[in-house]
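S.K.: 3D, please:
(one chain, ligands or ions: 2)
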Amino acid sequence: MRPTTERPEALRAIELVQPVSIALVGGFLGAGKTTAIGALATELIGRGKRVAVVTNDQAAGLVDTSLGLRQKLPMAEVAGGCFCCKFEDMLNAILKLLPTKPEVILCEPVGSCTDMAATVLNPLKVYYPDTFNLVPFSVLADPVRARETVLGEAEPRFDPQVGYIFRKQLEESDVIALTKCDTLADDEATCVAALLKERYERPVLLIAAIEGRGISDWADYLLSQQPVGGHVLSDVDYGTYATGEAALGWLNATVRLTHKSGFDAREFVGALIQSMQSSIDSAGAEIAHLKAAIDGGVPFVRGHLTSTSGAPTYHPDNTVEVVEGQLILNARVAIDPDRLEKIALSAIKQSSAELDITAENVTIRCFRPGYPRPPYRILGVQ
Ligand SMILES: Nc1nc2c(ncn2[C@@H]2O[C@H](COP(=O)(O)OP(=O)(O)OP(=O)(O)O)[C@@H](O)[C@H]2O)c(=O)[nH]1
Ligand SMILES: [Mg+2]
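M.R.: Ligands and ions are numbered 1, 2, ... in the order given. A predicted model of the protein is given here:
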């Protein structure tokens, strides 16, 4: 048993008959965390495990949560800050899921955060040694971003402080998973993985969650009692980290969409994303992740774009007729938040006018993430 340190009063006692496994799946914005978590959940459920998911964002109203609910996974959301700054909220989210008797809880931290090993894993380890069974901390890396940010193979498209966060995330992982390997030739994927392995001296797995590739090996690794939290960041420069986070404009919006006789939700999402992409490109800004979904009851259509010069992807990528639906728009872009808000509102107006859709009940939150101040930060665990 690990040594216990007295739990601060603010942290409640949690008594469980069996410890619950907690798997943190981190990585930069758009790396493929939600897709990978969905595939991992399917794999674990196939192995007879009960799985639940905790999502996390700087503000409420997430495409990721809506998507997880679609997969019929027990879900809880921590909004208003990252797990590290909202550790008590993360515990409350876990508590909320306990009635579903999860054996494994997959937790997706905000993609712009780092220092998780010291501020999340170590507090769980130290204050709840018999409650939680921590499995290796996976950090996912998109090959395009890894090449420009870590391997120096292309010009970085974000400020250096954003690159700093990306590299710190990988540095504190227990295991790295190179995502979207279906977009690379096999030898290319192996080569990038070998370079990351050499740089960070830890296992690097290859996954293509979209087609389920590599997920079984990843699950095997997570369940094989490997050491956890072995790369705590003792030297994070919170000034640089905060500047990197604040370089990103953050927007979460919801809009009610209706049409007299029905509209193609896929077409609307496509028009919206392309309009925003074009305006963001004209502003010379880089997209970290732009996602738009229409929840039309049974149909659920979403589109993603993970760089300004990239091509959007849609799920499903065919006509989906809806009469009314809720648009959920999440944008993380290296741009001033006020400008991002104007771009989003103009794109919503233009795309709805094009398709003769009524857009109303707009809720919009647009901001830069605040300075990260984790309440619990433990560097060393004996
Ligand atoms: N080709 C390919 N695309 C993928 C794969 N996994 C994820 N993607 C795509 O990458 C984009 C981002 O995926 P998400 O899973 O939403 O990424 P995320 O890390 O959860 O993003 P944030 O929550 O915004 O940080 C989406 O368009 C996904 O379809 C994959 O294995 N192959
Ligand atoms: Mg996600």
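S.K.: Is there any residue in the longest strand anywhere in the chain that contacts ligand 1?
M.R.: Longest strand in the chain, counting residues (DSSP state E): strand 249-264. No: remark: strand 249-264 sits outside contact range of ligand 1, by Cβ under 6 Å from any ligand atom, the gap being at least 10.6 Å. From N, CA and C alone the C-beta is placed, and that goes for glycine too.
S.K.: which is the next helix or strand following that strand?
M.R.: helix 265-282 (DSSP states H and E).
S.K.: And the very next helix or strand once past that following helix, how far out from the chain middle?
M.R.: Proceeding N to C from helix 265-282, the next assigned helix or strand is strand 287-295, under DSSP H and E. From the chain centre to the centre of strand 287-295 is a distance of 12 Å (Cα atoms, centre = their mean, to the nearest Å).
S.K.: Let me see the ranges of the strands in the stretch 51-200 of the chain.
M.R.: Shown for the stretch 51-200 of the chain, the strands assigned by DSSP state E, counting those that start in this stretch span residues 51-57, 75-79, 104-107, 132-134, 138-141, 175-178.
S.K.: Just name whatever secondary elements the fourth one is in contact with.
M.R.: Which is strand 132-134. strand 20-27, helix 122-127 (3 or more Cβ pairs under 8 Å, 6 or more residues apart in numbering; DSSP states H and E).
S.K.: now do 6 Å
M.R.: Contacts defined by 3 or more Cβ pairs under 6 Å, 6 or more residues apart in numbering; DSSP states H and E place strand 132-134 against strand 20-27.
S.K.: Ok, the second one next?
M.R.: For strand 75-79, the packing partners by 3+ Cβ pairs under 6 Å, 6+ apart come out as strand 51-57, helix 63-70, helix 87-97.
S.K.: deepest of the ones you listed, which one?
M.R.: Looking across the helices and strands packed on strand 75-79 with neighbours counted as mean count of other Cβ atoms under 10 Å, the highest average goes to strand 51-57: a mean of 26.
S.K.: For Thr114, which phi and psi angles does the backbone take?
M.R.: When read as degrees, to the nearest 10, the backbone of Thr114 gives phi -140, psi -170.
S.K.: how much space between the nearest residue to it once chain neighbours are set aside and Thr258?
M.R.: Computed as Cβ to Cβ, 6 or more residues apart in numbering, the closest residue to Thr114 that is not its neighbour in sequence is Lys168, at 4.2 Å. Lys168 sits 45 Å away from Thr258, taking Cβ to Cβ, to the nearest Å as the criterion.
S.K.: of these two, who's got more company?
M.R.: Lys168 (21 against 16; other Cβ atoms under 10 Å).
S.K.: And for the residue in the stretch 101-250 of the chain positioned nearest to ligand 2, the neighbour number?
M.R.: Ligand 2 sits closest to Glu108 of the stretch 101-250 of the chain, with a gap of 5.6 Å, by Cβ to the ion. Neighbour count of Glu108, defined by other Cβ under 10 Å: 26.
S.K.: got it, and Gly152?
M.R.: Other residues lying near Gly152 total 9 when counted by other Cβ under 10 Å.
S.K.: what do you get for Glu354?
M.R.: Residues near Glu354, counting by other Cβ under 10 Å, number 13.
S.K.: got a pLDDT number for it?
M.R.: As summarised for this prediction, Glu354 has a pLDDT of 95.
S.K.: where's it relative to Phe268, distance?
M.R.: 9 Å.
S.K.: What pLDDT does the model give the residue in the stretch 1-150 of the chain that ligand 2 sits nearest to?
M.R.: Going by Cβ to the ion, ligand 2 is nearest to Thr34 of the stretch 1-150 of the chain, at 3.3 Å. Note for Thr34: predicted pLDDT of 94.
S.K.: Over to the one 4 residues further on?
M.R.: On the pLDDT scale, Gly38 is placed at 95.
S.K.: circling back to that earlier point, for the longest strand of the chain, buried residues please.
M.R.: 249-255, 257-259, 263-264 (16 or more other Cβ atoms under 10 Å).
S.K.: Ok, stretch 340-348 next?
M.R.: For stretch 340-348, by 16+ other Cβ under 10 Å, it's 340-341, 343-345, 347-348.
S.K.: quick check, distance from it to the centre of its chain.
M.R.: 23 Å.
S.K.: Show the average pLDDT along that stretch.
M.R.: Mean pLDDT, stretch 340-348: 98.
S.K.: Now the residue in the stretch 251-382 of the chain positioned nearest to ligand 1: which helix or strand?
M.R.: Residue nearest to ligand 1 within the stretch 251-382 of the chain: His304 (3.0 Å; Cβ to the nearest ligand atom). Per DSSP H and E, His304 falls inside strand 300-305.
S.K.: is that strand anywhere near ligand 2?
M.R.: No: using Cβ under 5 Å from the ion, we find that strand 300-305 stays clear of ligand 2, coming within 9.6 Å at best.
S.K.: What angle do helix 63-70 and that strand make with each other?
M.R.: 140 degrees (axes from the mean of the first three to the mean of the last three Cα atoms, to 10 degrees).
S.K.: how about the following helix or strand past strand 300-305: buried residues?
M.R.: For strand 300-305, the following helix or strand on the C-terminal side (DSSP H and E) is strand 313-315. Within strand 313-315, the residues that count as buried by 16+ other Cβ under 10 Å are Tyr314.
S.K.: Sheet partners, orientation included, of strand 313-315?
M.R.: If you go by DSSP bridges, strand 313-315 pairs up with strand 300-305 (antiparallel).
S.K.: got the contact list for the strand it pairs with?
M.R.: 70, 265-266, 269, 273, 277, 287, 290-294, 312-315, 320 (Cβ atoms under 6 Å, 6 or more residues apart in numbering).
S.K.: ok, now stretch 122-138?
M.R.: Residues outside stretch 122-138 that contact it (Cβ under 6 Å, 6+ apart) are 2, 4-5, 7, 11, 14, 16, 19-25, 87, 173-175, 177, 222, 226, 228, 376, 378, 381.
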